[in-house]
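**Q** This is the structure alone, sequence omitted:
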């Protein structure tokens, strides 16, 4: 059997069909005395040699079994994933990462490449794994800090989780460079600024009133002023 | 008993909360806070040890690499699941359509072959019925 297969391999040419050993026409060494011109059995050589009756027709195969799982069945229903599918496609899924992890503090919606903290880099350059050991007094001395506040740009940790986004009614829009405080205002001077604005408005009003009065007085004394021409002096006096 | 994934989730949440507290402590550091900070730093290491212990329990959890692209881009990873399901459904429908087309083609071919080769097709049907 092995000799036969070797013989076949030796005569194999790239021009012949890859199924050359099956075809009675492809290999002249394997010509059979088949009067009908059809192949009635398949002889397979190899680890498990077998003679398979494949019928009277050339290249006839057994039909695919019906119980085999194919694309003909609704695979979503087959694996009970319809509920999940409806869940994801039914309602709109928010695009930002922070909507998936609302309790995670800090700013997480920025691309990780900018902060060099991507998960992919963890796979590409895995960290050197060492055993975790508690710090001794000597090592803890390295974490001795100076009292005082941090510069504003590093204070994002103060932002309480779950309150930083998706607010429908924004009272105050943060300007770049401002950091929110616990009460939600930009820098605590919000109320003060409002009061100041109101006062400013009042000042403007008063100034405008004074100006108007001054103009009136001026017009009274001017010759063009109708009241000054003496048409109805009583009226003026009143 | 909670699953290993839930345990890992809880451990990660504890770790994150501890780090958040360190962040607050450090943002306006007071001299008397040094002792608390030292304690929290030690807690952080203990938390990392706990997370590391759970490593073996989640060895069999497979995460598709593509989902990292979503997370690294600051996007919701649920969008990846959604995209995958939509793609799978579309492919399922496409293959289903292809199978239907082949079935129709087979039926038409059998009809035509029966017209041209009636004897052979009778034999073919007989063989198919046997198998």
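**A** Nice, I can see it. Not measured: the values here are computed from a predicted model.
**Q** just how off-centre is the one helix or strand residue B:37 maps to within its chain?
**A** Using DSSP states H and E, residue B:37 sits in helix B:34-53. In terms of C-alpha atoms, centre = their mean, to the nearest Å, the centre of helix B:34-53 is set 31 Å apart from its chain centre.
**Q** on contacts alone, who are the packing partners of that helix?
**A** Here helix B:34-53 touches helix B:4-27, going by 3 or more C-beta pairs under 8 Å, 6 or more residues apart in numbering or on different chains; DSSP states H and E. The C-beta positions use only the backbone N, C-alpha and C, and glycine is treated the same way.
**Q** list the helices and strands the very next helix or strand once past the helix it packs on packs on?
**A** Using DSSP H and E, the helix or strand that follows helix B:4-27 towards the C-terminus is strand B:28-29. Under the contact criterion of 3+ C-beta pairs under 8 Å, 6+ apart, strand B:28-29 touches strand A:148-149.
**Q** what mean pLDDT does the strand it packs on have?
**A** When pLDDT is averaged along strand A:148-149, the result is 86.
**Q** ok, is that strand in contact with chain B or not?
**A** Yes - interface with chain B: strand A:148-149 contributes A:148, A:149 (C-beta under 8 Å from any C-beta of the partner chain).
**Q** for the one helix or strand residue B:84 maps to, which positions count as buried?
**A** Using DSSP H and E, residue B:84 sits in helix B:78-116. With burial defined by 16 or more other C-beta atoms under 10 Å in any protein chain shown, the residues of helix B:78-116 counted as buried are B:78, B:79, B:80, B:81, B:82, B:85, B:89, B:92, B:96.
**Q** wait, which of those residues is closest to residue A:59?
**A** residue B:96 (26.4 Å; C-beta to C-beta).
**Q** That closest one contacts residue A:72, correct?
**A** Yes - counting by C-beta atoms under 8 Å, residue A:72 is a contact partner of residue B:96 at 5.6 Å.
**Q** circling back: how far does the helix holding residue B:84 sit from its chain's centre?
**A** 26 Å.
**Q** among the buried residues of helix B:78-116, which two are most distant?
**A** Largest separation among these by C-beta to C-beta: B:78 and B:96, giving 26.6 Å.
**Q** what's the average pLDDT for the helix holding residue B:37?
**A** When pLDDT is averaged along helix B:34-53, the result is 95.
**Q** can you check stretch A:68-85 too?
**A** Average pLDDT, stretch A:68-85: 92.
**Q** can you list contacts of it?
**A** Residues outside stretch A:68-85 that contact it (C-beta atoms under 8 Å, 6 or more residues apart in numbering or on different chains): A:64, B:81, B:85, B:88-89, B:91-92, B:94-96, B:98-100.
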